[in-house]
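1. have a look at this fold, sequence not included:
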């Protein structure tokens, strides 16, 4: 797949994830605090999308575009499609919405975005990454929202696992989640 083709697919997936979060932010059955959380998640996705779109003008400066398999993109698309289908249900429960968000944020989409930026020369890559919202804040926001707004222990465990996996992938060291996350 060409670099432009990869970029278009990534941007489309980010748009769709943003739409999922925006739709959840408009869900009248959720409390104002939960809707605010979903709108914050959508805003983070808007920033991710904007940086990806800006990188389109820099394709000539990408010496090693990421190689992305069609199977990998299809796996991510299935997760996004499942979330899109779920949010169309008028009576979606907050815990179900959180579960889908964990699947979205735990999918390979974020790692593909990272791989995309890694394809640029170091100086340009650092500039693009500096412009993106902090992924750690985005993931932490989701984990903290689950621990704040859900009483489902399995969901808490899944959120803590996402956080631990994120920390291991990005810092190379294991960090314990805050003590308030433990039951």
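-> Cool, got the structure. Quantities reported herein were computed from a predicted structural model and do not represent experimental measurements.

2. any buried residues in stretch 119-138, and which?
-> If you call a residue buried by 16 or more other C-beta atoms under 10 Å, then stretch 119-138 has these buried ones: 119-120, 125, 128-129, 132, 135, 138. Where C-beta positions appear, they are placed from N, C-alpha and C, glycine not excepted.

3. for these, which one is nearest residue 21?
-> Nearest to residue 21, judged by C-beta to C-beta, of these is residue 138 at 10.6 Å.

4. how near is the residue nearest the centre of the chain to residue 48?
-> Nearest residue to the geometric centre of the chain (C-alpha atoms, centre = their mean): residue 105, 3.9 Å. According to C-beta to C-beta, to the nearest Å, residue 105 and residue 48 sit 11 Å apart.

5. and the helix or strand encompassing residue 126, how far out from the chain's middle?
-> Using DSSP states H and E, residue 126 sits within helix 122-131. The chain centre lies 19 Å from the centre of helix 122-131; the measure is C-alpha atoms, centre = their mean, to the nearest Å.

6. list of residues touching that helix?
-> By C-beta atoms under 8 Å, 6 or more residues apart in numbering, the residues outside helix 122-131 that reach it are 51, 54-55, 58, 61, 117-120.

7. tell me the first helix or strand C-terminal of it.
-> Heading C-terminal from helix 122-131, the first helix or strand you meet, by DSSP H and E, is helix 135-149.

8. list the buried ones in the following helix or strand past that next one?
-> Downstream of helix 135-149, the first helix or strand assigned by DSSP H and E is helix 153-171. Going by neighbour count (16+ other C-beta under 10 Å), the buried part of helix 153-171 is 155-156, 158-160, 162-163, 166-167.

9. again, but for stretch 82-94
-> Buried residues in stretch 82-94 (16+ other C-beta under 10 Å): 83, 86-87, 92, 94.

10. quote the end-to-end distance of it.
-> Stretch 82-94 has an end-to-end distance of 15 Å (criterion: C-alpha to C-alpha, to the nearest Å).

11. next one: that stretch to chain centre, how far?
-> In terms of C-alpha atoms, centre = their mean, the centre of stretch 82-94 is found 17 Å from the chain centre.

12. the host helix or strand of residue 42 - contacts with which helices or strands?
-> According to DSSP H and E, residue 42 maps onto helix 32-54. With contacts defined as 3 or more C-beta pairs under 8 Å, 6 or more residues apart in numbering; DSSP states H and E, helix 32-54 has these neighbours: helix 3-25, helix 94-106, helix 109-118, helix 122-131, helix 135-149.
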